[in-house]
Every structure is written in C-alpha cells, then in structure tokens.
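*Asks:* quick one: sequence plus predicted model below, questions after.
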2 protein chains.
Amino acid sequence: MEPNTSSIVFDQLLKRLTQAVDQSDVGNAMEVLREADVEETAKLVDRLSAEQRTALFEMLTPEQGAEVLEHVYYFQGADIIEELEPDAAAQIVTKLDSDDRADLLNELSDSDSEAILEELDKDLAEETRRFMAYDEGTAGALMYSEFVSFNANMTVEAILDDIQSKRKKYIEYGVQYAYVLGAHGTLKGVLPVRNLLFAKRDQTAADIMIPDPITVAADTKVLDLENLFEQHHFLGLPVVDSKQRLLGIVDREASTEALQESATEDLLKFQGLMGKEELRSMPLGVRSRRRLSWLSINIVLNLISASVIAFHQDTLEAVIALAVFLPIISDMSGCSGNQAVAVSMRELSLEMISPKEFGRVFIKESSVGIINGACLGLLIGAIAWAWKGNPVLGLVVGSALALNTTIAVCVGGLVPLLLKACKQDPALASGPILTTVTDMCGFLLVLGLASLALPYLV
Amino acid sequence: MEPNTSSIVFDQLLKRLTQAVDQSDVGNAMEVLREADVEETAKLVDRLSAEQRTALFEMLTPEQGAEVLEHVYYFQGADIIEELEPDAAAQIVTKLDSDDRADLLNELSDSDSEAILEELDKDLAEETRRFMAYDEGTAGALMYSEFVSFNANMTVEAILDDIQSKRKKYIEYGVQYAYVLGAHGTLKGVLPVRNLLFAKRDQTAADIMIPDPITVAADTKVLDLENLFEQHHFLGLPVVDSKQRLLGIVDREASTEALQESATEDLLKFQGLMGKEELRSMPLGVRSRRRLSWLSINIVLNLISASVIAFHQDTLEAVIALAVFLPIISDMSGCSGNQAVAVSMRELSLEMISPKEFGRVFIKESSVGIINGACLGLLIGAIAWAWKGNPVLGLVVGSALALNTTIAVCVGGLVPLLLKACKQDPALASGPILTTVTDMCGFLLVLGLASLALPYLV
C-alpha cells in the first residue's frame, strides 16, 4: 500500500534532517529538504521540535531559508519567522517575493512585523508596508511587484541587451510578458516577450506592444478577478492605480488559491477556530489559549440563554419530563438554523444574493422553516405523548419545536446577511448569535407554553 | 456606491431576459446573456422562475445552451438539465467539454443521467461513462479529452496541414501543446506548438518533441497534482493509463479549483447540508426534503442522548438547578470538541497527519483538553457555587464540565481520523458522532456525580 511506503520514506527523511540539524550540518540538511517534495517539506518542518526548527533556520543562508519558506504553508512560515531574531528574519524575508513577504508579515503580530520591517532596507520596507495595507481578497493583496517593464521609447536592441544582462533573473521569474511604461510609470501596453524575436532592432517597445491592455484596480475583489480570467483566458492581469500607474501583476493561480483559502478559513471559523490555523506541532500554550478565546465568549452566551431555564425552575420542577426535551429543542433548532446559515453564506460568497435582500431570504426561509418545523414538531410531540401518555405534553413540546425551528431557520438565513451588511464576518459570528437566540427562544417556548398548560401537565 | 449601480444594471438585464423568454425571442435572450458577465449570468439564471428557465433552454440551440451552461455554476447546470427532456438535454450535453459533461451528469440522479447517456452518440456515451467512473478529486475526474495529438512519425508538413484544416477548433481550445503518440496511443512526447515554426518540413513529430514527459495516473490525487504543478511550473499534465496510453490532460486551474470546491463542500456538510448545493431558487419541496434528511438523523441521535436524562429524572427532580447546567455542558463540550475536529480535518486535508496517528492526536489533544477543561470547569463551578451558595453543586457541575471537555476534545480529535481510516467522510459524520458521544457523557457525568453527592446537594 502506498501510504506505508511513503511513510517509511518520510520517517527516513525526518531522521536524516534531525541528525543534520543536531550536528549543525547545513549541507546534509539542505540535501534532505531538496529531496523532499512540497508536502513532505511542510510535514518535515512540522515534525521538528521548536528548538530544532529555529536551529535549522539559523544555520541556513537567507537564500536557503527563503527557499524552504516558499515550500511550507504560510502559517508555518509565520511561526518560523516569529521565533527568529528580527535581523535574521529580515534577511530571509528580503529574499521572498513581494506578495509572499507581505502575506507573511501580515500573519505576524504587529510588534513582530514592525521589528522586522525596521530591519529591512528602507525602500523595501516602504514597498512592503504598501503591500501589507491592501485588504485581504483584493488584487492589491495578491499581486507581486517582480514584473519586467520597459520604457515605451526603448528600442528592441536596448531591451534585448537588458534581458541578456539580467538573464538569470528573468528565467527565474518565468517571464512571458513585459510591461511597457510611459511617463511616471503609467502602463501603456503589454509586450509578449516572444514578439521581440520578430521585431526589428530599431523599433521601440511602443511599436511592438499590445496597446490599451485590460487592467484592474488594487481593490478589485477576487470574484471579479476570477470573472475576468474566465472571460479572457489571461494568465495574469496588470494592477494599476487611479493614474494608470502599474502597481503589480496578479495571476490566475493566486486568485483561485485565494478563493480556496477563504473557503478553508470560513470552515475553521465556523468550527470555532478564530481565523488562525492551528497545527498540533504548535506550543501547547498557544493552542490552548487560541481555543479558549473562542470558548470563553461562548460560555457567556450559554449562561445568558440558560438563565431562561433558571427563571422557570418552578415549572420545570412541576413537570420534570420537560428537562429531557430542553437539550433536544436547543440542539435541533441549532441544526436547522445552521443549514440556513450555510445557504446564506454560500449565496453571499457566490454573489447570488446581495446583503440587502432580507425580504427574499425571509420568504424563502420561513416557508422551509414552517414545513420542517411541522415535521420535526409532530415527530417529537408524538414521542412525548407516547412516552408519558399525556397529549398536552406532546402538544407543548411539539409546538415549541415547530415554532422554534421556524424562528431558527429565519434567524439563520438572515444573520449572515445582517453581519455582511455591517461589514462583519458571517463565518465567525453567525453560529454563536444563532445558537444564543434559538436557545433562549426555545427554552422560553417550552417552559412558557408548559406554564400556561400547567394544570393539564401535572 | 458600486453595489447599487451593479444592482440596477442587474435588474435591467433580468427584466430584458424575462421579457425575451416570455416572448420566445431567442435573439434578445442571447444578447442579454452575452452582455452579462459570468456572475451576472449565474444570478440571472437563478432569478428566472423554473418554467422560464426551462423555456429559455428549450428555445436556445444546443450550442447556445452549452455556451450558457458553461457560465453558470455546475449545480445550477444540473438543475437545468434535469428539467429538460432527455433528448434535448443530450443535445446540449454533447456540446460541452468532456470534463464538464462528466461532472454535470455525475450531479444528476442515476436514472436522469442514464436517460441522457442513452440519447448520446454511442462513442461519446462510452467515453462519458469512462470519465464519470473516476473518483472525485483525482486526475481522472479533472482531465479533459480535447487534446491535440499527432503520430510520432508524422512529418511537420503533415502536421501543419492538419492544423490548418482544423484551425478554428485549435484556436477555441487555446492549444499551446500537442501530444506525440506511438503505437496503441502510448504517449511518446510533448510538442510545444511554437516549435513547429522553427522545424524543417520533413522532420517528424518525434524529432522535435520533448521526449519522456512527466505524466500522472488517473487516480493521482489533487494534492499530489498541486505538488507537481508547484515543482515544475507546468500549466497542464498528461494523464496516462498503466500502459502509458494518453487518457487526457489535467490543467493547473482545474486542480486548484477542485481543492476549493472540496473546502466549500466540507463547510456545507459540516453545517448540515449533505453534500448538495442549495440555492433559494430551488423548489421548496427539494430544499425542505434535503434539509430534513439530515435533521431526521440528528433527532434520533438527540433522543438517544436525551434518554440519559430520562433515566436520571429522580436526581434531577431532587436538584432542579442541575437542569440549568445540562444544556450548557452539552453545548460547551460540543464547541470544544468541534475545535479539535477542525484541527484534525485540516491536518488530514494538508496531509500533515496520517489517519493512523491516533497516539499523536490523543497526546496532543488530551493535554489541551485538560487545560481548557480545567479553565471552563473552574469558571462554571464558581458560578454554580455563587448562584446557589452550595460548593458541592459547584464541584459537581465544574468537574463534570472539566471531564467532559477533556473527553470531547479527545473524541473530536480522533473521530475524523477514524472516519478517514474507514474511508468515510469526516466533514459529514464527525459533528453528529461527536455531539452524541459528548452529550451522553456530559449528561451522565452531571447526573451521575450529582446522585453520588445527593445528600450534600438537597
């Protein structure tokens, strides 16, 4: 079986890497890291102890460090950089591509990233700060500045000389297109590098470029980028400012990857990890603290909704069977509501709905809520009746679940829109808000209806 | 504000499209659809009524129908095709690319896809069945068969003639590479189309191809494909069978998109939608039924865990304050457990952990569980003590939450591995299994400890 072979290979790589790090043998360490593929590299770095990891990056040259960093996941990279001294970190960070550099520093705490920025070359620090300022999920945050550009009136001869002198760099970037700039760095056209082969040496860049290329603004959103890539089959798009000055290039791969990352982040947030990736190799204190920060908000919300029960203890004491149904109603309404949250989050992310379409969502959800509430309410009502032989108990429990399901489904559908309209993150806050509202309503419905029907229940 | 402008434009497009459909005006309908960008097209198709949608696709030519289908989301496409007569559906499906065709038919029910397959041309039906059989998330399921291939001993002259005669098709596919085949369709090499320009007319394909290209098998998983694309900066990879026969081409874009879709599906499943996309434009019955199928499993599990409370009614009746804490303990343990589920699902999807590493997960999770359990248990214990002035009540409730959090975190961490090892889907089943186990344990701990300490509680 393949997993076994690959796990034996991995164990051997890990053993060799650990030995190399313990013996401070840079040559062997790099040999192992170059033998490993991308997934193996990430796992190798994950399985070193924190001390070994720091020792490894301290003994690598900045170039080697940057090479390894490019092969691990960005949240691993942030952890590694955080452990290094700012000047050592700055040397590695300098060797990264502009987009990776900004992403990595954005993952760090403000004080850590500031310490590293201060160690960077002044121009580089300024560019990096500019890149870091773009909002996540926009062209600005995804673009890189390592493009090749020529002045519009440069001759083919001069361009070819320039390419010749920077051959290595161009090959590394896999350059297919160069960008032609006018005065003040404004974008005039795109120059497919292969066109240079067929051009006369005294023509200018402006003569052989494709003029008026399609461009995007730095705040263009990922979904709009995907749209343009889909329509035009481009591999990259130039990003320009309001004065048409070229800021960078965003490529299709980066845009699709950003969509994937945002889907993953939504899942993590919804599961109660607040937007930070956790790996089990991270220090216990960090893992425990990050999880607690979310749980501590939740326990407060739980106490608020449970207080409804506390206020109705006498009813509950009189009809103790209700206690069996309280957690069922709380959990089932939560489930029904979460389904509606899921549909709203999905429609929002596909832009199939605007955050203002409350009416549409309310109509569409209330109808599902009434039907599913009726089904579940009948079921649980029948069970309660059969169990205690009391039809009124069945009626109380069943109608409470039916009503609360309808409420939960409507609230679940509307909360993500409301959060989005308030520029909040639906993935993070929808769950707790929904649970609190539906728990309170659910407890109130069961115990309130029961106290009304008390004579028939005891 | 941009959303307003775009929503006005959208409303106008929708009005024009609705009119065109109502008047059976194909020309105007296509004009609107061609004016709309990809997102707008998807939303337009979404906002038509079911009848209008079917009417639209019945009046379009198969080519036009296929063109529109390529611009909507795949789950919308499935809905549209399902509503058409099998022969009309087959005519549209025929015009799709091989990978889109197989994806779309896989979205349909078996009887629907079978009815359409029977209407297809025999060879096409056979190819489509072959494509449909590949597992989701593998190279086979992502590849397309619309590649350009030449026999190894074909001359450049003959190749150029062939290209000339099929010019339109080649431009449509945006062909950059052709594939050179030996006897029985085995892959011999890759031929960058531009190489043809510099070749002598009497050279053969074998003379100018890049021999022994990197290939993948049909069952290669997406993560391994991403790995290869990352390492080699390819845009596409040839997929071959065990005899090195060329089956299709998988490109980088398709592979990254597959990763994104699987992240999205995981989120939907975790939120209680069983792997099927729901849009609010779908018929009420379908939406209600799909959601109920998940809820009905959940309510059974809920009844099982609530039965623990039913068996301890006397304890609860004696200490009614406990009823306030039952839902808190159930919900908080669920939250803690879900965080561990999230970390395991993430580490599995990144292949940072193998499904067999139970020991590692148990050690790493139990330590977080003990710390977080202690924190939450102390908090809730102190609140219970303060509320009722009874330290034993605090001890019972606090230690129940502390113990149950530890259990929930360990179970949450391990369940996704166990499901993965049994080839089940962690996103779908982890939540309900976790909730049931932690609810039962939680109720048992609170009520069991309370019955032991009963003399000190009443």
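*Replies:* Structure received.

*Asks:* does stretch A:421-435 reach chain B?
*Replies:* Yes - under the criterion of CB under 8 Å from any CB of the partner chain, stretch A:421-435 makes contact with chain B via A:Thr435. (Glycine included, C-beta is placed from N, CA and C.)

*Asks:* just the buried positions in that stretch, please.
*Replies:* Across stretch A:421-435, burial judged by 16 or more other CB atoms under 10 Å in any protein chain shown covers A:426-435.

*Asks:* what about the helix or strand A:Asp331 falls within, average pLDDT?
*Replies:* Using DSSP states H and E, A:Asp331 sits within helix A:322-349. Here helix A:322-349 scores 94 as its mean pLDDT.

*Asks:* over to stretch A:25-37?
*Replies:* Taken as a whole, stretch A:25-37 has a mean pLDDT of 92.

*Asks:* is that stretch in proximity to chain B?
*Replies:* Yes - Stretch A:25-37 lies within reach of chain B by CB under 8 Å from any CB, at A:Asp37.

*Asks:* again, but for stretch A:388-400
*Replies:* No - against chain B, stretch A:388-400 shows no contacts by CB under 8 Å from any CB, the least distance being 10.1 Å.

*Asks:* where does pLDDT dip in chain A?
*Replies:* Applying pLDDT under 70 to chain A flags the ranges A:1-4, A:171-175, A:275.

*Asks:* redo that, cut-off 80
*Replies:* A:1-6, A:167-176, A:194, A:197-198, A:231, A:233, A:274-276 (pLDDT under 80).

*Asks:* can you map out the strands along it?
*Replies:* Here chain A has its strands, by DSSP state E, at A:149-151, A:177-181, A:187-192, A:210-211, A:216-217, A:236-240, A:246-251.

*Asks:* how far out from the middle of the chain is the fifth one?
*Replies:* For strand A:216-217, the gap between its own C-alpha mean and the chain's C-alpha mean amounts to 22 Å (CA atoms, centre = their mean, to the nearest Å).

*Asks:* again with the fourth one
*Replies:* For strand A:210-211, the separation from the chain centroid amounts to 36 Å (computed by CA atoms, centre = their mean).

*Asks:* and what of the first one?
*Replies:* With CA atoms, centre = their mean as the basis, strand A:149-151 stands 35 Å off its chain's centre.

*Asks:* hang on, the earlier thing: can I get the buried residues of stretch A:421-435 in TSV including distance to A:Lys276?
*Replies:* Formatted as TSV, those follow (distance: CB to CB, whole Å):
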residue	distance to A:Lys276
A:Pro426	18
A:Ala427	13
A:Leu428	12
A:Ala429	16
A:Ser430	19
A:Gly431	17
A:Pro432	17
A:Ile433	21
A:Leu434	22
A:Thr435	22
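
*Asks:* these in helices, which ones?
*Replies:* A:426-435 (DSSP state H).

*Asks:* nearest to A:Asp99, of the residues you listed?
*Replies:* A:Ala427 (23.9 Å; CB to CB).

*Asks:* tell me the contacts of that closest one?
*Replies:* By CB atoms under 8 Å, 6 or more residues apart in numbering or on different chains, the contact set of A:Ala427 is A:265-267, A:269-270, A:345.

*Asks:* same thing with A:Lys221?
*Replies:* Going by CB under 8 Å, 6+ apart, A:Lys221 touches A:137-138.

*Asks:* what bridges to it?
*Replies:* Beta-bridge pairing of A:Lys221 under DSSP bridges involves A:Thr138.

*Asks:* got JSON lines for the contacts of A:Ala427, with distance to A:Tyr73 and neighbour count too?
*Replies:* Supplementary listing: the contacts of A:Ala427 in JSON lines, determined by distance: CB to CB, whole Å; neighbours: other CB atoms under 10 Å in any protein chain shown:
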{"residue": "A:Glu265", "distance to A:Tyr73": "13", "neighbour count": "20"}
{"residue": "A:Asp266", "distance to A:Tyr73": "17", "neighbour count": "23"}
{"residue": "A:Leu267", "distance to A:Tyr73": "16", "neighbour count": "25"}
{"residue": "A:Lys269", "distance to A:Tyr73": "18", "neighbour count": "22"}
{"residue": "A:Phe270", "distance to A:Tyr73": "20", "neighbour count": "22"}
{"residue": "A:Met345", "distance to A:Tyr73": "24", "neighbour count": "24"}
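
*Asks:* which one of the residues you listed is nearest to B:Ser305?
*Replies:* Using CB to CB, the contacts of A:Ala427 come closest to B:Ser305 at A:Phe270, 22.3 Å.

*Asks:* please name the spatially closest residue to that closest one (chain neighbours excluded).
*Replies:* Nearest non-adjacent residue to A:Phe270, counting by CB to CB, 6 or more residues apart in numbering or on different chains: A:Ala427, 5.2 Å away.

*Asks:* looking at the contacts of A:Ala427, which are in helices?
*Replies:* Mapping the contacts of A:Ala427 onto helices (DSSP H) picks out A:265-267, A:269-270, A:345.

*Asks:* want to throw the residues you listed into JSON lines with distance to A:Leu447?
*Replies:* Converted to JSON lines, the ones in helices among the contacts of A:Ala427 look like this (distance: CB to CB, whole Å):
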{"residue": "A:Glu265", "distance to A:Leu447": "38"}
{"residue": "A:Asp266", "distance to A:Leu447": "35"}
{"residue": "A:Leu267", "distance to A:Leu447": "35"}
{"residue": "A:Lys269", "distance to A:Leu447": "32"}
{"residue": "A:Phe270", "distance to A:Leu447": "30"}
{"residue": "A:Met345", "distance to A:Leu447": "32"}
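
*Asks:* what sits against A:Ala39?
*Replies:* Careful, residue A:39 is Glu; it's not Ala. B:223-224, B:227, B:350-351.

*Asks:* ok, and of these, which contact chain A?
*Replies:* Answer for these near chain A (CB under 8 Å from any CB): B:223-224, B:227, B:350-351.

*Asks:* what about A:Ser111, how many residues close to it?
*Replies:* A:Ser111 has 7 neighbours, counted by other CB atoms under 10 Å in any protein chain shown.

*Asks:* just the ones in helices from the ones next to chain A among the contacts of A:Glu39, please.
*Replies:* Filtering these for helices - DSSP H - leaves B:223-224, B:227.

*Asks:* for the closest residue to A:Glu63 other than its chain neighbours, what are its contacts?
*Replies:* Taking CB to CB, 6+ apart, and ignoring the residues beside it in sequence, A:Glu63 has A:Lys95 as its nearest neighbour in space, at 5.5 Å. Contact analysis of A:Lys95 by CB under 8 Å, 6+ apart lists A:62-63, A:65-66.

*Asks:* and the residue nearest to A:Phe270, how far is that from B:Gln244?
*Replies:* 45 Å (CB to CB, to the nearest Å).

*Asks:* picking up where we left off before, need the contacts of A:Lys95 in JSON lines (columns: neighbour count and distance to B:Leu120).
*Replies:* Formatted as JSON lines, the contacts of A:Lys95 follow (neighbours: other CB atoms under 10 Å in any protein chain shown; distance: CB to CB, whole Å):
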{"residue": "A:Pro62", "neighbour count": "17", "distance to B:Leu120": "58"}
{"residue": "A:Glu63", "neighbour count": "11", "distance to B:Leu120": "55"}
{"residue": "A:Gly65", "neighbour count": "24", "distance to B:Leu120": "55"}
{"residue": "A:Ala66", "neighbour count": "20", "distance to B:Leu120": "52"}
